[in-house]
Every structure is written in structure tokens, then in C-alpha cells.
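> how would this look folded up:
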Amino acid sequence: MNSNTPSANNDTYSHRLADIVGTAIGLLTLTLPLFVIAHYSSSRVQNDQYPLTYNLHTHEEYTNKGGVVSEN
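Numbering: from 1, shown residues only. Next up, the predicted model:
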């Protein structure tokens with residue numbers, strides 16, 4: 001088949017267009033979620049920073065409050 005025929009040129013154009021569209025979809029699929037996550041997480045991190053504190057009790061404080069501790 002001669003590559004200068006209209007059907008061969010049309011197939012090459014369709015294949016090239018499909019490659020470009022597929023690449024664009026692939027890039028959007030990989031990059032768009034990253035941008036969305038970065039956008040929403042950066043705004044939430046600044047607003048939701050609360051200090052985390054834990055009250056740790058010693059063994060004596062726990063038993064003095066009526067807690068049951070098994071002595072093994």
C-alpha cells in the first residue's frame with residue numbers, strides 16, 4: 001500500500017490524534033488529583049491545628065481513684 005494514499009494519511013492522523021488525546025487524559029488523571037489534594041489539604045491544615053494533650057496517670061493515681069489493677 002502506498003503511504004501517499006488518502007486512507008493511509010487519514011489513519012496516521014487518527015492514530016496521532018488518539019495518541020495526543022490519550023496522553024492528555026493520562027496526564028490529567030495523574031496530576032489533577034494531586035492538585036486537588038494539595039489545594040484542600042493546605043487550607044484545612046492551617047484551620048484545624050489543635051494542640052494534642054494527653055493526661056497520663058501513674059499506677060498510684062489510678063488505684064487511688066478506685067480503678068482495678070491486677071497485680072501479676
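> biggest helix in this protein by residues?
helix 6-47 (DSSP state H).
> looking at that one now, give me its mean pLDDT.
Average pLDDT, helix 6-47: 85.
> cool, and stretch 54-61?
Rounded mean pLDDT across stretch 54-61 is 72.
> now do the buried residues in it.
The neighbour-count check on stretch 54-61 (16 or more other C-beta atoms under 10 Å) flags nothing as buried. The way it works is simple: take the backbone N, C-alpha and C, and place the C-beta from them, glycine included.
> restricting to C-alpha, output it in CSV.
Written as CSV, here are the backbone C-alpha positions of stretch 54-61 (Å, rounded to 0.1, in the frame of the first residue of the first chain):
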residue,chain,number,x,y,z
TYR,A,54,-2.8,13.6,77.0
ASN,A,55,-3.2,13.1,80.7
LEU,A,56,-1.0,10.3,81.8
HIS,A,57,-1.7,8.9,85.2
THR,A,58,0.7,6.9,87.3
HIS,A,59,-0.1,3.5,88.8
GLU,A,60,-0.8,5.1,92.2
GLU,A,61,-3.1,7.7,90.8
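> what's around R16, how many residues?
Neighbours of R16 under the rule other C-beta atoms under 10 Å: 10.
> please name every helix or strand in contact with the longest helix of the chain.
Contact here means 3 or more C-beta pairs under 8 Å, 6 or more residues apart in numbering; DSSP states H and E; on that basis helix 6-47 packs against no helix or strand.
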